[in-house]
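J.: Sharing a model that was predicted from the sequence below.
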Amino acid sequence: MKVWEQNIRRVTPYVPGEQPGERNIIKLNTNENPYPPAPGVVQAMRDFDADSLRRYPDPAVSELVHAIAEEYGLRDEQVFVGVGSDDVLAMSFLTFFNSDKPILFPDITYSFYDVWAEEFRIPYEEIPLDKEFQICVSDYERENGGIIFPNPNAPTGELMPLDVVEQMVAAHPDVVVIVDEAYIDFGGSSALPLIERYDNLLVVQTFSKSRSMAGMRIGYAMGQPQLIRYLNDVKYSFNSYTMNSLVIAMGAAAIRDRAYFEETRTRIIATRERVKRELREIGYRCGDSMSNFLFVTHDTVSMEELFRELKEQNIYVRHFDRDRIRNYLRISIGTDEEMDVLLAYLRKR
Ligand code: PMP
């Protein structure tokens, strides 16, 4: 090893799902939305004045912050926006998890949490989910420097009821508790109403799933103004201009179209429930996912083999080579037609 290499910040990077170039595949591997963004988003792109690109964008992202605040009945000072919720979460780790005590998150969860913790040198402990893949609040009763979990959890899709989320937040008033609600719009109850009562709660959501805009990279956090101010201080000390002018305009158009949002998420939920039922009928097992994916297993079929077989059929799903979940596949909910192709293959194999 060269001497200069000893001073490198080495990390084992997060591995995102594949984004293959071919068009004729059925892509059920990254929990994207199968429907296009709201019509207003395309209009905002058409109306965009390219000359404005000479200027730096608004560092406070005011238009988008205001549109999000309005949609959720909040004040602008309660909202923070970033480049996808990955950016919002990374900034939150840097801002709120600065203790010598370990932060806590589930052993089976979003596989970026341990990457950020390693990267930022934050001590952490992974708390095992129970046998039914549920988070047990009592397991978190130990010294910690903060808590984060997705609700619904990923990749299991299991939802923690709102009263249990409140128990977790209330039990840890001395640290920040982050609820990562990337998938909350597919049937869960958001912890957002709790932010009025709990100054240690940060709720993080994204435009990537329920708003069909993964390619735009918009995520946001909601909490009391003091939390949001601390988050902004770190953001401005890292990169003041995270959101570009076009993204700000298109994001604001997306969040204002509530009818389209309701229509597409309802459709995805209906497809999920049907696919859940049909998979169970042909012998697969899956939990009661409240997200836009199913976490599927089978008592006699090897999921690793099935993963490869499906790929040969041009059906991309996600397999995690990790203890406890090696015999599971995470299957995103696509259109009804896409799911029918998958089901037809599983029925005849
Ligand atoms: N949280 C969870 C639980 C996720 O599954 C994802 C998607 N990979 C994200 C956050 C990040 O999503 P994005 O950066 O696209 O908002």
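T.: Okay, I see it. Since this is a predicted model, take the numbers as computed values, not measurements.
J.: Identify each buried residue in the longest helix along the chain, please.
T.: Across the chain, the longest stretch assigned as helix under DSSP state H is helix 258-281. Judged by neighbour count (16 or more other Cβ atoms under 10 Å), helix 258-281 contains these buried residues: Y260, F261, T264, R265, I268, I269, T271, R272, V275, K276, E278, L279. In short, each C-beta sits where N, CA and C put it, glycine included.
J.: Now pLDDT and distance to V175 too, for the residues you listed, in JSON lines please.
T.: Below are the buried residues of helix 258-281 laid out as JSON lines (pLDDT from 0 to 100; distance: Cβ to Cβ, whole Å):
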{"residue": "Y260", "pLDDT": "97", "distance to V175": "38"}
{"residue": "F261", "pLDDT": "98", "distance to V175": "33"}
{"residue": "T264", "pLDDT": "98", "distance to V175": "36"}
{"residue": "R265", "pLDDT": "98", "distance to V175": "32"}
{"residue": "I268", "pLDDT": "98", "distance to V175": "34"}
{"residue": "I269", "pLDDT": "98", "distance to V175": "33"}
{"residue": "T271", "pLDDT": "98", "distance to V175": "38"}
{"residue": "R272", "pLDDT": "98", "distance to V175": "34"}
{"residue": "V275", "pLDDT": "98", "distance to V175": "38"}
{"residue": "K276", "pLDDT": "98", "distance to V175": "36"}
{"residue": "E278", "pLDDT": "98", "distance to V175": "43"}
{"residue": "L279", "pLDDT": "98", "distance to V175": "39"}
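J.: returning to what we had before: mind giving me the packing neighbours of the longest helix of the chain?
T.: Applying 3 or more Cβ pairs under 8 Å, 6 or more residues apart in numbering; DSSP states H and E, one finds that helix 258-281 contacts strand 285-286, strand 293-297, helix 336-348.
J.: would you turn these into CSV with distance to R256, mean neighbour count and mean pLDDT?
T.: Output for the helices and strands packed on helix 258-281, formatted as CSV (distance: least, Cβ to Cβ, whole Å; neighbours: other Cβ atoms under 10 Å; pLDDT from 0 to 100):
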stretch, distance to R256, mean neighbour count, mean pLDDT
strand 285-286, 35, 16, 98
strand 293-297, 27, 24, 98
helix 336-348, 27, 15, 98
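J.: Out of the ones you listed, which gets nearest to the ligand?
T.: Evaluated over these, closeness to the ligand peaks at strand 293-297, with 8.9 Å, by Cβ to the nearest ligand atom.
J.: Could you spell out the sheet neighbours of that closest one, each with its direction?
T.: Sheet partners assigned to strand 293-297 using DSSP bridges are listed as strand 285-286 (antiparallel), strand 328-332 (antiparallel).
J.: from those, which stretch is densest packed?
T.: Counting by mean count of other Cβ atoms under 10 Å, strand 328-332 has the highest mean neighbour count of the strands paired with strand 293-297, with a mean of 26.
J.: what angle separates that one from helix 336-348?
T.: With axes from the mean of the first three to the mean of the last three Cα atoms, to 10 degrees applied, the angle from strand 328-332 to helix 336-348 works out at 150 degrees.
J.: For strand 328-332, the averaged confidence score.
T.: Averaged over strand 328-332, pLDDT sits at 98.
J.: Output the helices and strands packed on helix 258-281 as JSON lines; include the columns distance to S240.
T.: JSON lines is the format used below for those (distance: least, Cβ to Cβ, whole Å):
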{"stretch": "strand 285-286", "distance to S240": "44"}
{"stretch": "strand 293-297", "distance to S240": "35"}
{"stretch": "helix 336-348", "distance to S240": "41"}
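J.: Reformat these into CSV and put distance to the ligand next to each item.
T.: Listed next are those as CSV, based on distance: least, Cβ to the nearest ligand atom, whole Å:
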stretch, distance to the ligand
strand 285-286, 17
strand 293-297, 9
helix 336-348, 19
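J.: For A44, which of those is the nearest?
T.: The minimum distance between A44 and the helices and strands packed on helix 258-281 falls on helix 336-348, with 27.8 Å, by Cβ to Cβ.
J.: what does the closest one rub up against?
T.: Residues lying outside helix 336-348 but in contact with it, judged by Cβ atoms under 8 Å, 6 or more residues apart in numbering, are 26, 28, 34, 271, 274-275, 278-279, 282, 284, 310, 313, 315, 331, 333-334.
J.: about what we covered before: report the two of the buried residues of helix 258-281 separated the most.
T.: Maximum distance among these (Cβ to Cβ): 28.4 Å, for Y260 and L279.
J.: hmm, which two among the contacts of helix 336-348 are most spread apart?
T.: Using Cβ to Cβ, the two most remote members of the contacts of helix 336-348 are P34 and I282, lying 22.1 Å apart.
J.: Mind checking which of the two has more residues around it?
T.: Between P34 and I282, P34 has the larger neighbour count (other Cβ atoms under 10 Å), namely 21 against 11.
J.: Show the model's pLDDT score for that one.
T.: We have a pLDDT of 98 for P34.
J.: was I right about it contacting I333?
T.: Yes: using Cβ atoms under 8 Å, P34 makes contact with I333 at a distance of 7.4 Å.
J.: what comes up buried for stretch 153-168?
T.: Across stretch 153-168, burial judged by 16+ other Cβ under 10 Å covers N153, A154, P155, T156, G157, E158, L159, M160, L162, V165, E166, M168.
J.: Convert it to CSV, retaining C-alpha atoms only.
T.: Taking C-alpha atoms only, stretch 153-168 is exported to CSV below (Å, rounded to 0.1, in the frame of the first residue of the first chain):
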residue,chain,number,x,y,z
ASN,A,153,-39.5,-1.0,6.5
ALA,A,154,-37.5,-2.0,3.4
PRO,A,155,-37.0,-4.5,1.9
THR,A,156,-39.7,-6.2,4.1
GLY,A,157,-42.5,-3.8,3.4
GLU,A,158,-43.8,-4.3,7.0
LEU,A,159,-45.6,-1.3,8.4
MET,A,160,-45.2,-0.1,12.0
PRO,A,161,-48.6,1.3,13.2
LEU,A,162,-48.6,5.0,14.1
ASP,A,163,-49.1,4.4,17.8
VAL,A,164,-46.0,2.2,17.9
VAL,A,165,-44.0,4.8,16.0
GLU,A,166,-45.1,7.3,18.7
GLN,A,167,-44.0,5.0,21.5
MET,A,168,-40.5,4.8,19.9
